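Asker: Here you go, sequence then predicted model.
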Amino acid sequence: MEPLQQLIQIVYTVIGPLVVMVGAGYLMGRRVPAAAEVFAKILLYLLIPIFVFVNILTSTLKAGEFGTIVWFSALALVALYAAARGVSAVRRHDRPLRGTFANTAILYNSANFSMPVMALAFGAIPGQETYAVAVQAVVAACQGFAAYTVGAFLAAAGAGSVGHAMVKVFKLPFLYALLAAIVMKQVGLDGEALKRVTIVWQPLTIISGAYVPMALMTLGAQMACVRLVRAPVDLALAVVTRLVLGPLLGLALVKLMGLEGLLAQVLVIGVAAPSAVAGVVLAIEFKNRPDFAASAVFLSTLLAGVTVPLVIFLAQTFL
């Protein structure tokens, strides 16, 4: 297939459905102001844990690859933080904006953006979808931990209780679903074994199937609540750091670590995601430029529709 045709196909098959579902959520958010909060609760406490649990158990992800994914996530966080601090130094950001700006770079939307994108981008190839989603689920766990540890420390910026924010990471149910799936997989209770228990496995797979549309509609509903702040230069730098520098650093890391094939593709595509809503939550909690954080999430999500197809195309072509 010609490169241009392949790029058009990626836009049509991955970004097209994504735009439709995010758009539906946006319209719902505009019509029903409480939709974003309700969708987020359903996603966080039901759909993400089950989706992660099912995909880890049915994936071909090996034990050694978990460590590789965690190591990549840690290195990506350090590299992105260094880049964000460099930009802040040049722009002479004050302390509150410095912390919030860094969070827009290091915290990316692994759960309700990257995982649906993996399902759409690799869904046509048998066996690859569950592996790609499983890899991204581990990345999402790392990001969830980073949000309420490193992210909380940055957002606090000398005010508020970082310890209180860090406790929240242990209330994220998808972390326990991930750990349970890893343990069960190691002792031989994988998806094939659980399929025999129809009364358990069938409801899990049915509910898991609702994750992708609900995650994208939740993202749209959250975008409907945003009011943009007037800081064009800093917002542009935040978006470029997240959407352009993010995947470039991801590419450098997979090359440095000697990774290739599907694992390398998933890691690079995943780190190309827009800024995470967790950054907004932390900014609100610590009263630390939530207007800027929300604007960065909105704009990076909007522009990810342009940058992510290019990253998918380049990753699938050259990695």
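Answerer: Nice, I can see it. Numbers count the residues shown, from 1 in each chain.
Asker: What is the least confident helix or strand in this protein?
Answerer: Comparing every helix and strand of the chain by mean pLDDT, DSSP states H and E singles out helix 162-167 as the least confident one, with a mean of 59.
Asker: distance of residue 105 from residue 87?
Answerer: When distances are taken as Cβ to Cβ, to the nearest Å, residue 105 and residue 87 turn out to be 8 Å apart. C-betas here are computed from N, CA, C, even on glycine.
Asker: Looking at those two, which is more packed in?
Answerer: Residue environment comparison for residue 105 versus residue 87 gives the larger neighbour count to residue 105, 29 against 19, counting by other Cβ atoms under 10 Å.
Asker: residue contacts, that one?
Answerer: With contacts defined as Cβ atoms under 8 Å, 6 or more residues apart in numbering, residue 105 is in contact with 80-81, 83-84, 238, 241-242, 245-246, 275.
Asker: For it, which non-adjacent residue is closest in space?
Answerer: Here the nearest residue to residue 105 in space, its sequence neighbours aside, is residue 84; by Cβ to Cβ, 6 or more residues apart in numbering that works out to 4.0 Å.
Asker: hang on, isn't the one you found packed against residue 241?
Answerer: Yes. In terms of Cβ atoms under 8 Å, residue 84 counts as a neighbour of residue 241; the distance is 6.0 Å.
Asker: what is in contact with the two at once?
Answerer: Residues touching both residue 84 and residue 241 (Cβ under 8 Å, 6+ apart) are 104-105.
Asker: how about the closest residue to residue 127 other than its chain neighbours, what does it touch?
Answerer: Counting by Cβ to Cβ, 6+ apart, residue 60 is the residue found nearest to residue 127 once chain neighbours are left out, at 6.9 Å. When the contact criterion is Cβ under 8 Å, 6+ apart, the partners of residue 60 are 127, 130-131.
Asker: Nearest to residue 265 among the residues you listed?
Answerer: Using Cβ to Cβ, the shortest approach to residue 265 within these belongs to residue 131, at 10.5 Å.
Asker: Please look at that closest one and residue 261 and confirm they touch.
Answerer: No. Taking Cβ under 8 Å as the definition, residue 131 is not a contact partner of residue 261, at 10.3 Å.
Asker: Pick out whichever of the two has more residues nearby.
Answerer: More neighbours surround residue 131 than the other of residue 131 and residue 261, with 21 against 9 (other Cβ under 10 Å).
Asker: That one and residue 74, how far apart?
Answerer: Taken as Cβ to Cβ, the span from residue 131 to residue 74 is 21 Å.
Asker: follow-up on the earlier one: what's the overlap in contacts for residue 105 and residue 87?
Answerer: When contacts are counted by Cβ under 8 Å, 6+ apart, residue 105 and residue 87 are jointly contacted by residue 241.
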